[in-house]
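Trainee: Fold the stuff below for me.
(chains A, B and C)
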Amino acid sequence: MPELPEVETIRTQLESLIVGKEILSMGVKITKIGRRAKLLLIYLDNNGYLVFHLKLTGRILVRKNSDPKDDWQRITLPLSDDLELRFCDARKFGWMKFIKNKEELDKLLEKLGPEANSVSFEEFKKILSTSRRPVKIVLMDQEKISGVGNIYANDALWLAKINPRTPANQLSNQLTNQLFDAILKVLKDGIKYGGASDQHYLKPDGTRGEYQKHFLVYGRSGEPCLKCKIKIVRIVIGGRGTFYCPNCQK
DNA sequence: CGTGGGACCTGAACGC
DNA sequence: TGCGTTCAGGTCCCAC
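Mentor: Modelled structure (predicted):
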């Protein structure tokens, strides 16, 4: 899915599109849009929340109610001003939950690790030092660090010149630093380009993100490394496609 | 503790 | 055209 930059892009757009609107079928108003890790939070004026996880193929679209149905439209929330919030999901892995109050929300979020784009370096270092698993697995473990998925994990590791199989606790201070900076950089670029519309992801206004045009290694197997021109290789780590340069990422 | 595999679902791309 | 295979921004659960 949608990783941190995609969900953050959705959050920002929804802020201008639907804050202040009423959800007609629920009789509540939307007061604020939030995000925690890869979860989108819609704050309601009855102290409740609508929480979405888009998994691999979820989309949240804001349309006029007279607009034609969207592909894979699963949930439709009628809004004031003739708008609709549509949750579309080809593979049906995504979900939406109504959460009654802050305590329930906290419970839902309690296991998530710190946000990948705001964790302190000291904490980041500590998290990596306590696991022998491949660093790529740790980066994608939402209970350790949250928000990073397969695209940005691959790109950050390439940028930091780290082999994705390296045990997390074996990274030198120097490499840990490089990785910390690389994660911030790729997430920031992801947000700057409005996310990666490689497959299903679209912004709420229906337009595509552009980060897929700036992939560093993700999805580039067989193509030349952007630094050394050696062919990018695809392997599988933890069941996920993993892309890296065998020359730059020893 | 850690890993590997399968499950959940659907659709696109590619090989024959 | 059609059929089979592989792959896909995620997470959960179970066996070893």
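
Trainee: Assign A:Val186 to helix, strand or coil.
Mentor: helix (DSSP: H, G, I helix; E, B strand; the rest coil).

Trainee: What separation is there between it and DNA strand B?
Mentor: Counting by Cβ to the nearest atom of the strand, to the nearest Å, the gap from A:Val186 to DNA strand B is 23 Å. The C-beta positions use only the backbone N, C-alpha and C, and glycine is treated the same way.

Trainee: quick one: that residue and A:Gly149 touch, right?
Mentor: No. Counting by Cβ atoms under 8 Å, A:Val186 stays clear of A:Gly149, with 11.2 Å between them.

Trainee: The two: who's more crowded?
Mentor: A:Val186 (31 against 22; other Cβ atoms under 10 Å).

Trainee: roughly how far apart are the more buried one and A:His53?
Mentor: 22 Å (Cβ to Cβ, to the nearest Å).

Trainee: before we move on, what about A:Lys125?
Mentor: Computed as Cβ to Cβ, the A:Lys125 to A:His53 distance reads 29 Å.

Trainee: for A:Lys213, same thing?
Mentor: Taken as Cβ to Cβ, the span from A:Lys213 to A:His53 is 26 Å.

Trainee: likewise A:Pro246?
Mentor: 35 Å.

Trainee: before we move on, what about A:Pro114?
Mentor: 19 Å.

Trainee: what's the answer for A:Arg132, then?
Mentor: Taken as Cβ to Cβ, the span from A:Arg132 to A:His53 is 29 Å.

Trainee: what about those two, which has more around it?
Mentor: A:His53 (17 against 9).

Trainee: quick one: contacts for that one?
Mentor: Neighbour list for A:His53: A:1, A:38-40, A:94-95 [criterion: Cβ atoms under 8 Å, 6 or more residues apart in numbering].

Trainee: which ones are touching A:Glu210?
Mentor: A:Glu210 sits in contact with A:193-194, A:197, where contact means Cβ under 8 Å, 6+ apart.

Trainee: Got phi/psi on A:His53?
Mentor: phi -120, psi 120 (degrees, to the nearest 10).

Trainee: separation between it and DNA strand C?
Mentor: 7 Å.

Trainee: Let's see the pLDDT reported for that residue.
Mentor: According to the prediction, A:His53 has pLDDT 98.

Trainee: so it bridges to which residues?
Mentor: When bridges are called by DSSP bridges, A:His53 pairs up with A:Leu39, A:Trp95.
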